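Undergrad: need a 3D model of the following:
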Amino acid sequence: MDAAKKDGMALSAADLERSVPDDQNAAPGYESAFQAIRPTVHDHPNLLTEINEALKGTADAEAMKDIRAAVSESRRDINSLIAASRRKSCDFDYDFEGEFKFPELADARVAARLMIMSAHVAADQGYVDEAYDVLSATEAMSRHIGETPLLICYLVQISLDRYVAEEFVHVLNLSVHKPALLKKAQKTLDGFGPIAAITPALRAEAFVGLSNMNRCQTTGDVRAVTDPNQKGQGAKLTDEQKVRLKLAAVSGLRRGLEATVAAGTDPRAQHDALARLVAKQDDEAAKDHSPDHDLIAMIARDDLLPDAALAAGLQMADRHILATAIKLMQAKGPYPSTLPNLGEISIDPMDGKPLRYRRTGSGFTLYSIGHNLKDDGGSPDDRAKTFK
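TA: Numbering: from 1, shown residues only. All right, here's what the predicted structure looks like:
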């Protein structure tokens, strides 16, 4: 436990507490806007599905009409979200000693999609410059969400950033042959924050493991922790076993943290390091069904940690695709038949090779090998994006 503390791992609720001055805290503005948006979403029951279709480019006229109506009704609240996004930091003052319920995360995903559609509508109406400003605000909100160092907040940040990347393609396609707007696109992308980092989340997840220990101590049942379907049935634990379980909870995450840090900042290397760790822990648990190994295997959550490491790589891939597309649009003459070497931005962070590129009609498509680490020819998993 002492060694974990020295590694900067959160072992108590106090370790997760943050202090953000009121005049710098975006959370109150977000919370007020989230609450105001809920009736709009309730009054448009198909809205979220319609927005997802719009992001894919498959929304029909009726769906877009409903989206425009919802955006119009939420204009004041969207402006409040944009204002809040300009604050320096964000602290929702979560109760880390409670039940780990974070309703703001679900609200943020809804609000982000409304903001994205606000940008979409503005761009379609010719206000492309304004659309870039809304995308910038949405990215800032996603970054604010990720400031809370928990795995769930890290993953929500990345999901919000993906909404931004998908809509950025639509707005960018309306900027073709317009140097001033392409310059605005580059400025907007340059203003985005750094790629999400998984290591702070891993440090904080140790506390989540210890919180699970509280359930175990209350019920006295290992299976209450390792198997959520069990309802307090099983052998009681001795004090010594409880101590061992606490150490195991921290040890499992500490191993994951050490493996990730040792792998550096490359998401693919982090994924491979965590995957090897999970496989080793699974093997140990198969040979020895002691509470220690059961708990470490539970904390590793099978493929969750390795996949979480890849998520940052996908976020980086989206950024590289957008940056490369802007450079190609800014160049004079027709689009090239093959992707030129544009430096780091034209590299796929998932495998270190050039982004996949092909001409499509009068435009082009760019994609990464995606989450499954295979070239599927530009499938949705490849984060394929088509530009005019």
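
Undergrad: buried residues of stretch 31-41, list them for me.
TA: Using 16 or more other Cβ atoms under 10 Å as the test for burial, stretch 31-41 gives E31, A33, F34, A36, I37, T40, V41. Bear in mind the C-beta positions are built from the backbone N, C-alpha and C, glycine included.

Undergrad: now stretch 113-129
TA: Buried residues in stretch 113-129 (16+ other Cβ under 10 Å): 113-123, 128-129.

Undergrad: restricted to helices, list those.
TA: Among these, the ones falling in helices (DSSP state H) are 113-123, 128-129.

Undergrad: low-confidence stretches in the stretch 201-350 of the chain?
TA: Within the stretch 201-350 of the chain, the segments meeting pLDDT under 70 span 209-238, 241-246, 248-249, 252, 281, 285-286, 288-303.

Undergrad: repeat that with 80
TA: Counting by pLDDT under 80, the stretch 201-350 of the chain contains low-confidence ranges at 205-257, 265, 277-306.

Undergrad: residue ranges of the helices in it, please?
TA: Along the stretch 201-350 of the chain, counting by DSSP state H, counting those that start in this stretch, helices occupy 222-226, 239-263, 267-287, 291-300, 304-330.

Undergrad: circling back to that earlier point, out of the ones in helices among the buried residues of stretch 113-129, the closest to Y154 would be?
TA: Y154 has its nearest neighbour among these in R113, at 19.2 Å by Cβ to Cβ.

Undergrad: so who does G29 touch?
TA: When contacts are counted by Cβ atoms under 8 Å, 6 or more residues apart in numbering, G29 touches S80, L81, A83, A84, R87.

Undergrad: buried ones only from these, please, as a PyMOL command.
TA: To isolate the buried members of the contacts of G29 in PyMOL, using 16+ other Cβ under 10 Å:
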select buried, resi 80+81+84+87
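
Undergrad: now the contacts of G29 in a markdown table, with pLDDT, secondary structure and distance to K332?
TA: What follows is the contacts of G29, written out as a markdown table (pLDDT from 0 to 100; DSSP: H, G, I helix; E, B strand; the rest coil; distance: Cβ to Cβ, whole Å):
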| residue | pLDDT | secondary structure | distance to K332 |
| --- | --- | --- | --- |
| S80 | 98 | helix | 42 |
| L81 | 98 | helix | 38 |
| A83 | 98 | helix | 39 |
| A84 | 98 | helix | 41 |
| R87 | 97 | coil | 41 |
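
Undergrad: as TSV, the contacts of G29 with distance to D382 would be great.
TA: What follows is the contacts of G29, written out as TSV (distance: Cβ to Cβ, whole Å):
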residue	distance to D382
S80	36
L81	31
A83	36
A84	34
R87	36
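
Undergrad: name the nearest of the contacts of G29 relative to E53.
TA: For the contacts of G29, the residue nearest E53 by Cβ to Cβ is L81; the value is 22.4 Å.

Undergrad: how close does that closest one sit to P380?
TA: 28 Å (Cβ to Cβ, to the nearest Å).

Undergrad: where along this structure do the strands fall?
TA: Secondary structure of the chain (DSSP state E): strands at 356-360, 363-367, 385-387.

Undergrad: for K183, find the nearest of those.
TA: strand 385-387 (16.7 Å).

Undergrad: and F102, what does it touch?
TA: F92, Y94, I152, C153.

Undergrad: of all the residues you listed, which two lie farthest apart?
TA: Comparing every pair within the contacts of F102 by Cβ to Cβ identifies F92 and I152 as the most remote, at 12.4 Å.

Undergrad: compare the two (neighbour count), which wins?
TA: F92 (23 against 16; other Cβ atoms under 10 Å).

Undergrad: contacting residues around that one?
TA: If a contact means Cβ under 8 Å, 6+ apart, then F92 has A27, Y30, E31, F102, E104, T148 as its contacts.

Undergrad: the residue minimising distance to the centre of the chain and S32, how far apart?
TA: What sits nearest the mean C-alpha location of the chain, by Cα atoms, centre = their mean, is I158, with 1.6 Å. In this view, I158 and S32 are 25 Å apart by Cβ to Cβ.
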